[in-house]
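Novice: Need coordinates for the following:
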Amino acid sequence: AANHFIDTPHQSQGGRLFQATGAVAADGPQLTHQQTATNGPEQTTERRSRRTKEVSDRGYMIRYSNGVQKEVHHDGTTVTRFVNGDVETKLPHSGSVAYFHAGDQVLQITLPDQSVLYEYSNQQMERHLPNGDKVIMFPNGMKQVLMRGVV
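Specialist: This is a model prediction of the structure:
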């Protein structure tokens, strides 16, 4: 069944991807230690609470003392990896923020218009609109629209 409220999510190298936003979840673009070691000059700066590794051709990575890692790409995209497995990706070119909740296996994308898209591990998708309305697309193709204040 056609999905009329968001583009269909696609798999991309193990991470979920929404075409409409370009948002990538857990397995999205990365600056890993192995990649940076082979991709040109790098500079490491250490402070008490964080360690920053700059890679001139890709951006830089910050490793905080609490285990959180933040990747800052040259295009302004930031990917923050939390110790509980959650991943937040901020996409400045689209104004979207994707947050992957690792424990529940839920991808949440906040769009510039403040609507929020959810994709659950059972493939159910929802769009929560700023006015309180919700559109739910079930895995079997059924679509349900819940209007704010209407039961």
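Novice: Which parts of the chain are helices?
Specialist: In the chain, helices defined by DSSP state H lie at 33-38, listed in chain order.
Novice: per-domain residue ranges of it.
Specialist: With domains defined by the TED database, the chain comprises 52-112, 123-150.
Novice: in the chain, which segments are predicted with low confidence?
Specialist: Low-confidence segments of the chain (pLDDT under 70): 1-50, 55-57, 149-151.
Novice: Bridged to E54, which residues?
Specialist: Per DSSP bridges, the residues bridged to E54 are Q43, Y60.
Novice: Quick one: the domains of the chain as JSON lines, columns for mean neighbour count too.
Specialist: In short, each C-beta sits where N, CA and C put it, glycine included. Conversion of those to JSON lines gives the following (neighbours: other CB atoms under 10 Å):
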{"stretch": "domain 52-112", "mean neighbour count": "17"}
{"stretch": "domain 123-150", "mean neighbour count": "13"}
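Novice: how close does L129 sit to S121?
Specialist: 23 Å (CB to CB, to the nearest Å).
Novice: With L91 instead?
Specialist: L91 sits 23 Å away from S121 when distances are taken as CB to CB.
Novice: does K53 really touch G59, like I thought?
Specialist: No. Counting by CB atoms under 8 Å, no contact exists between K53 and G59, whose distance comes to 9.8 Å.
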